[in-house]
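S.K.: what would the 3D arrangement of this be:
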Amino acid sequence: MAHRVAFLASGTTGVRLNLHRYPRLSVAVPAAMEALAQADAVCFDVDSTVVTEEGIDVLAAHLGVGQQVADLTASAMSGTTKFEDALAARLSLMQPSKKSILKCIEELPLEFSPGLEDLVDTLRNRGTDVFLVSGGFRIMIEPLAIHLGIPIDRVYANTINFGKTGEYVGFDSNEPTSADGGKPRALRMIKEKGGYDKMVMVGDGATDAQARPPADAFLGYGGVIVRESVRSQSDWFVYDFKDMIYVVKNFGKGKNP
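M.R.: Model (predicted):
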């Protein structure tokens, strides 16, 4: 299997993988492709990966504090601010009620990244479990999981706490993704619970890169935004989910080209 994926990366088998996107193909890329091809669990970040926007920024704009929150989000995603500090600051600015969040979801539905739905279907059809691991909000992410056919117990995200009348009162700090280092913590939980042998993390942010290990490979995603600090930490930096679909379909478990 390893040599087949190495050939795939080098282009020596005639496989068309948009190699012009990877002008400096590193030795890590074939290993990352191998991990994806053999993965029994793939974990996706949500904002700017599964969907084309940062959900928290969409909510903030809906609540009239868009720019302030977007600045904090950018700082958290680049790794210059601890995630828990940015999360607390953003929620403090927004003070989102349950009613306002549900209204935002209805009026400004998040759009899936091109090819994401096909990729999830492809993974599921070949027997790979798919998880959503996000620093975003469970109330906004669970509807996405339902649409994708991902069980709710495979969603790891932050829970906003509401008062008796639905007002914002805080967030659950016990969620593994509520603090810096939360994604590797979540992936360790997933790996231990599911007994997975090969796990891959896919995402666009610094907190996603932190998840390797326990992930066997980190696939950075640049289809929405390219963060240089993330690209430099990626085993394979992907701009188009079609490339991942090709690897899964043609070099996955039991495949012999």
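S.K.: hey, let's count contacts and neighbours off CA atoms from now on
M.R.: Noted.
S.K.: what's the neighbour count on Asp153?
M.R.: By other Cα atoms under 10 Å, 10 other residues sit near Asp153.
S.K.: quick one, phi psi at it?
M.R.: Backbone torsions of Asp153, given as degrees, to the nearest 10, read phi -70, psi 0.
S.K.: likewise the one 4 residues further on?
M.R.: Main-chain dihedrals, Ala157, degrees, to the nearest 10: phi -160, psi 180.
S.K.: so what pLDDT did it get?
M.R.: What the model reports for Ala157 is a pLDDT of 95.
S.K.: can you check Ala31 too?
M.R.: For Ala31, the model assigns a pLDDT of 83.
S.K.: what of the one 5 residues further on?
M.R.: Among the per-residue scores, Leu36 holds a pLDDT of 92.
S.K.: now name the helix or strand holding it.
M.R.: helix 28-38 (DSSP states H and E).
S.K.: packing partners of that helix?
M.R.: helix 2-10, strand 199-203, strand 217-221, strand 236-238, helix 241-251 (3 or more Cα pairs under 8 Å, 6 or more residues apart in numbering; DSSP states H and E).
S.K.: how about the CA coordinates for the second one, as PDB?
M.R.: Extracted as PDB, the C-alpha positions of strand 199-203 are listed here (Å, rounded to 0.1, in the frame of the first residue of the first chain):
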ATOM      1  CA  MET A 199      -6.800   8.400  12.600                       C
ATOM      2  CA  VAL A 200      -6.500  11.600  10.500                       C
ATOM      3  CA  MET A 201      -7.300  15.200  11.400                       C
ATOM      4  CA  VAL A 202      -8.400  17.700   8.800                       C
ATOM      5  CA  GLY A 203      -8.700  21.400   9.400                       C
END
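S.K.: ok, back up a step: need the helices and strands packed on helix 28-38 in a markdown table with mean pLDDT and distance to Thr177, can you?
M.R.: Output for these, formatted as a markdown table (pLDDT from 0 to 100; distance: least, Cα to Cα, whole Å):
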| stretch | mean pLDDT | distance to Thr177 |
| --- | --- | --- |
| helix 2-10 | 46 | 33 |
| strand 199-203 | 95 | 14 |
| strand 217-221 | 93 | 17 |
| strand 236-238 | 91 | 23 |
| helix 241-251 | 89 | 24 |
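S.K.: including distance to Cys43 and mean neighbour count, could these go into a markdown table?
M.R.: As requested, those are exported to a markdown table (distance: least, Cα to Cα, whole Å; neighbours: other Cα atoms under 10 Å):
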| stretch | distance to Cys43 | mean neighbour count |
| --- | --- | --- |
| helix 2-10 | 21 | 18 |
| strand 199-203 | 5 | 27 |
| strand 217-221 | 10 | 28 |
| strand 236-238 | 15 | 24 |
| helix 241-251 | 13 | 19 |
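S.K.: between the ones you listed, which gets nearest to Glu117?
M.R.: Proximity to Glu117 (Cα to Cα) singles out helix 241-251 among the helices and strands packed on helix 28-38, at 9.5 Å.
S.K.: packing partners for the closest one?
M.R.: Helix 241-251 packs on helix 28-38, helix 116-125, going by 3+ Cα pairs under 8 Å, 6+ apart.
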